[in-house]
Structures are given as structure tokens and as C-alpha cells.
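Q: Sequence and predicted structure, then a few things I'm wondering about:
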Amino acid sequence: MTTTGEQHDALRSLLGAWALGACPPAEAAGLELHLRACPECAEEAARLREAAGWLAVDEPLDQPGPLRQQVIDWCLARRPAELPVPAWGVPYAAETAKLDALLRDLGPEEWQEVAELPWHGGTEYLRPAEVLCHLTAVDGYVALALGLPDPVPAPPGTAAAPVERRVPPQEPDAGPRPPRVAPQGGRYAGITARTARLLAGAAGAPPQSVRARWRQQTHDLVRTAALTPQGNTPVDFGFAAVPLRDAFVDRAFECFVHGEDVARAVAYPYDPPAPQHLRQMVELAVRMVPHALAGLRAAQPAGAPAPAADGRGGRRLRLVIDGPAAGEWLIPLDGPGDGRAHAPRGGEPGGAPVASMVLDGLEFCQLAAAHRDPERVPVGEHGDRAAIREVLHAVPLLSRP
């Protein structure tokens, strides 16, 4: 078959459509006849057909977990970020990206599946878009602290105060802060009320629009956090105020937990956090255990016997976290000093810990999210069994709706 230059160019222009299987039968037959006589077009056709194979919709697009981080590390090694994300903001950026990858693959039926979100006060039953509304509502506390708009509509009968975009302060304002009045209806009433208002506002909205709003907010939070590398700006969640650096790790933790809840509902594989990110989540949760212990004891019936201090500066428990997030902490059981858990330090008063327990880091996080039964979680233990049981039952109190 001989072709003129004009015919050759016309046939060559069909190679892309042919590689994708989009050519009409007559044109495909003519092109394939031409390929037998034109080595140049045949070589390009082979390359295009191979490339088209990577676009096949029936091939899984999920990449190995470490690949994303390897690509980012390689890119940053060649050209460092102009405004790098602080280390405490990286887990949130990673977990929101991972959840978004899951949501991108959901079909219409999967958006209607109901996920179970257990916490120590019960279980919430939400569809994936409703989970995003909840995450958006709670992330809104961080947005307000950073001077970003609140995604949650104002309560009926109140006017929303205008929010001026600004660079948040590096340090908390000096001087005493006015006492915060606890919201009516329980410690977490503010969170549940904000979630309910956002759910009402999103009623009938397409799930992808809910996803787009949540994702845009996560991008805005990460970009703005890069302007506050010290992370000292206070974030008030209504029931507690924490520094921005802790708030971001908290939000990464909840995003991972609820992402896994959604993945379980739609039978989707979901990887745990990267080891360095999991370590930050474990560190934050461990520091909060003394507060959970105080809450557990406060809920005891009147007249219940209180644990006895040992007279040497208060009892302590040694917590050893195993696995990728490995570490070791001493948890005060009687609230000495600042009441916070910390890594062992030489020369400390108080003698040897009264007990030691060993937990896998991921299992500890699942326990803190009330996704594990404290009576059944695998734990290595030595020493005062009562102290170990008390800590195991206190850790799930860190969970919230």
C-alpha cells in the first residue's frame, strides 16, 4: 500500500485514538494496514498502546504506601519547599491525603454505606459524606484559631462575625484569659452541635461537593500552619484548649481513625500512619493519660476507695510502646508535679514504677480511640495489676464524638 504525504499525516493522527481503542472499525482497519508498511508509525503505535495500558480502568491505581513519601522526599531534595510544613503538621497533611484517596475511589453505592464510629460514650452511625461534615466541623476550631473562616453556619438567630484573614500570632496573648463556660448538654456538646448544623446545611448536597469543601479546608489549614512554625497559637475545642502543634496531631489522629472507619464500611484497604507520624500520635495520647485517669476516678461512685500513694512522690507506671512508634514513658498515677507523662529521666524522685506494660503503638492508638476493648487488648504486663487495669480503662476516655 502506497500513501501520499497527506494520507500519511492523516493516518498518523489516528494513532492516539487507535491506541485507546476509540477508532471506528473502518479507520482502525485502514490504519493497521498502514502500520504493516510504515516502521516509523508502527514504532510510535507500539509506544502509545503500551502507555494506554497504564490508563486501563480495571487496573488498580493504588501505589505502595512508601512510594508517595519517597517521591516527595526526592522532589524536596532537588528543590526545597519555599514554605515547609512544620513537622507537627505533616501527619495531618498525610492523613487527609490518604482519606481523600479513599474517597476518590468511592462509587455512588459506597457513598451510601454507613460507617460505625465508636467512642467511649457510644457509637455514631454516619455515611462517608456525613463523616466529612463531622471532620470539617471539628477542624473548624483550628480554622478559627488560624484566622480562617468557620465552615459551620452560625446558630439560628445569631449573626456570624466577619473573620479577617491574618497571620496568627506565634505566641499566646499575655495575661489571664477569661474562664470558658462549658457548653450545656455535656462536655462535647459544642462538637455535636457544630456537626449537626453542618449536616443540616449539607443535606441534599452531592457527596463530591462535601468532599471538595472538606479537602479545600484541609489545604487551607496546612498552608496557613506553615506560617506558624512554632505552633504555639492556642486552639479552643470548647472542652479544652491546646497549642496549635498538638491540635494538628489530634486532627491527624481523628482523620486516621475515621478514615479507617469509612474504609471498613466500604471494604477498602487502609494503611496505618507512617511510623514517624504514628509516634507523634502516641506521644500526644500518652501525655493526656493522666487527665483520663482523673476523669475515670471522678466518675467513680461516691465512697469508692481511692488508690493509695506510696509516699515517695506519687506512683508511676512505665509504658513501653512497641512496634514502629517505639518509645517509653513514665505515667504519673497520682498526679504529681505537672501531671503529665514523660520519657524517663535520670535522677527523678519516686523510686521504681509500680508497674510496667507493653503495647503495640497502633493498638494503643486504637485503644485511645475506643476501638479496642481494654479487657481484650494484647498487653504485656508486670507489677501492680490494679494500676495496669486502671490505665487500660482510662485510655479509651480520650475518645470523643
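A: Structure's in. What do you need?
Q: And the helix or strand residue 217 falls within, what does it pack against?
A: Per DSSP states H and E: residue 217 is located in helix 207-225. Counting by 3 or more Cβ pairs under 8 Å, 6 or more residues apart in numbering; DSSP states H and E, the packing neighbours recorded for helix 207-225 are helix 90-104, helix 128-145, helix 244-265. C-beta coordinates here come from the backbone N, C-alpha and C atoms, glycine included.
Q: got the angle for it vs helix 128-145?
A: Orientation check (axes from the mean of the first three to the mean of the last three Cα atoms, to 10 degrees): helix 207-225 against helix 128-145 gives 30 degrees.
Q: distance between helix 207-225 and the chain's centre?
A: Counting by Cα atoms, centre = their mean, to the nearest Å, helix 207-225 is centred 13 Å from the centre of its parent chain.
Q: same question, stretch 20-40
A: The chain centroid and the centroid of stretch 20-40 are separated by 49 Å, computed with Cα atoms, centre = their mean.
Q: Show me where the stretch 1-150 of the chain has its helices.
A: For the stretch 1-150 of the chain, helices defined by DSSP state H, counting those that start in this stretch occupy the ranges 5-12, 15-19, 25-35, 39-53, 65-78, 90-104, 128-145.
Q: Averaged pLDDT, the fifth one. What do you get?
A: Yep, that's helix 65-78 we're talking about. Model confidence over helix 65-78 averages 65 on the pLDDT scale.
Q: least trustworthy helix or strand in the chain by mean pLDDT?
A: Among the helical and strand segments of the chain, the one scoring lowest on mean pLDDT, DSSP states H and E is helix 65-78, with a mean of 65.
Q: thinking again about what came up before, looking at the helices and strands packed on helix 207-225, spot the one closest to residue 375.
A: helix 244-265 (20.5 Å; Cβ to Cβ).
Q: Check which residues of that closest one are buried.
A: Judged by neighbour count (16 or more other Cβ atoms under 10 Å), helix 244-265 contains these buried residues: 244-263, 265.
Q: again, but for stretch 369-383
A: When burial is assessed from 16+ other Cβ under 10 Å, stretch 369-383 yields the following buried residues: 369, 370, 371, 372, 374, 377, 379, 381.
Q: Ok, stretch 228-241 next?
A: Taking 16+ other Cβ under 10 Å as the neighbour-count basis, stretch 228-241 is seen to contain the buried residues 228, 229, 231, 233, 234, 235, 236, 237, 238, 241.
Q: Not counting sequence-adjacent ones, nearest residue to the last one?
A: Of all residues not flanking residue 241 in the chain, residue 234 sits nearest, at 5.0 Å (Cβ to Cβ, 6 or more residues apart in numbering).
Q: go on, the second one?
A: Spatial nearest neighbour of residue 229, chain neighbours left out: residue 86 (4.7 Å); criterion: Cβ to Cβ, 6+ apart.
Q: my guess is the one you found meets residue 231, correct?
A: Yes - in terms of Cβ atoms under 8 Å, residue 86 counts as a neighbour of residue 231; the distance is 6.1 Å.
Q: What ranges in the stretch 51-200 of the chain fall below the confidence cut-off?
A: Per-residue confidence for the stretch 51-200 of the chain (pLDDT under 70) gives these ranges: 54-69, 72-82, 157-185.
Q: Show me which pair in the buried residues of stretch 228-241 is furthest apart.
A: Checked with Cβ to Cβ, those reach their widest spread between 229 and 238, with 26.1 Å between them.
Q: Run through the helices of the stretch 151-300 of the chain in chain order.
A: Here the stretch 151-300 of the chain has its helices, by DSSP H, counting those that start in this stretch, at 189-201, 207-225, 244-265, 275-298.
Q: Please list the residues outside the second one that contact it.
A: Which is helix 207-225. The contact list for helix 207-225 (Cβ atoms under 8 Å, 6 or more residues apart in numbering) reads 83, 85-86, 89, 92-93, 96, 100, 103, 106, 111, 127-129, 132-133, 135-136, 139-140, 142-143, 146-148, 151, 168, 202, 231, 244, 248.
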